[in-house]
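Student: sequence plus predicted model, see below.
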Amino acid sequence: MNEKLFAPLATLQWVERDKLIPNSYNPNRVSKENLKLLTQSILSNGWTLPIVVRPDMTIIDGYHRWTVAGEEPLKTMLDGKVPVVIVDHKEHSEDIYGTVTHNRARGTHLLEPMKAIVKELLDDGKTVDEIGKQLGMRSEEVFRLSDFSKEDFLKMMTEGAETYSRAEIVTKM
């Protein structure tokens, strides 16, 4: 057993979020929509990935998890803390390598597997709204990934929707 592989997990701890320091070299950017999705993921699944830091609390990986942890509702729910593991690299270049490889290793989503996922969820009776919320997709994205015709998809979206009264013209008196 290689102790170096297990060493970071032995350092797992919850620390004050404000003690962490973002690094100055992270090339990864995330849209506001994906930050909302990250928050939703944490709310749905719990905190599954600790933030990777140096001994001085500089973030190597997990900047976006750190970011959403400072916003509501997570800030209050986490009591201002985040889980971290400490990696003690000998050279600054190893920190940079760690940041980039963590990001690149996550990969990208391919079209065909995503279509299969959406189909499975729809077949399991999940609603377009639920799929959109849980996967961070707009209804149009769910439609593009589904094999439904536009008409069938629109029917599915409006199925069970409340009926509304007709609009009335209101004039000022």
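Tutor: Okay, I see it.
Student: and the lengthiest strand in the chain, how far out from the chain's middle?
Tutor: In the chain, with assignment by DSSP state E, the single longest strand is strand 81-86. On the basis of C-alpha atoms, centre = their mean, to the nearest Å, strand 81-86 sits 17 Å off its chain's mean C-alpha point.
Student: helices and strands around that strand, which ones?
Tutor: For strand 81-86, the elements it packs on are helix 3-10, strand 13-16, strand 51-53, helix 63-69, judged by 3 or more C-beta pairs under 8 Å, 6 or more residues apart in numbering; DSSP states H and E. Quick note: C-beta positions are derived from backbone N, CA and C, even for glycine.
Student: quick one, which of those is packed in tightest?
Tutor: Mean neighbour count (mean count of other C-beta atoms under 10 Å) peaks for strand 51-53 among those, with a mean of 22.
Student: centroid residue for the protein?
Tutor: Leu38 (2.1 Å; C-alpha atoms, centre = their mean).
Student: for whichever helix or strand comes after the longest strand of the chain, which positions count as buried?
Tutor: Per DSSP states H and E, the first helix or strand lying C-terminal to strand 81-86 is helix 92-105. The neighbour-count check on helix 92-105 (16 or more other C-beta atoms under 10 Å) flags 95-96, 98-99, 102 as buried.
Student: hang on, the earlier thing: by how many degrees do the longest strand of the chain and helix 3-10 diverge?
Tutor: 160 degrees (axes from the mean of the first three to the mean of the last three C-alpha atoms, to 10 degrees).
Student: how does this structure divide into domains?
Tutor: The chain breaks down by automatic domain parsing into domains covering 3-105, 111-158.
Student: can you find the helix or strand in this protein with the smallest mean pLDDT?
Tutor: Within the chain, no helix or strand scores below helix 150-158, which has a mean of 71 by mean pLDDT, DSSP states H and E.
Student: could you name the helices and strands sitting against that helix?
Tutor: Using 3+ C-beta pairs under 8 Å, 6+ apart, helix 150-158 is in contact with helix 128-135, helix 139-145.
Student: quick one, which of the helices and strands packed on strand 81-86 is nearest to Asn34?
Tutor: Smallest distance to Asn34 across those (C-beta to C-beta): 7.9 Å, for helix 63-69.
Student: and Lys126, what's its pLDDT?
Tutor: Note on Lys126: pLDDT of 88.
Student: buried residues in stretch 123-141?
Tutor: Buried, per 16+ other C-beta under 10 Å, within stretch 123-141: 126, 128, 131-132, 135-137, 141.
Student: ramachandran coordinates for Leu78?
Tutor: Leu78 adopts backbone torsions of phi -90, psi 0, taken as degrees, to the nearest 10.
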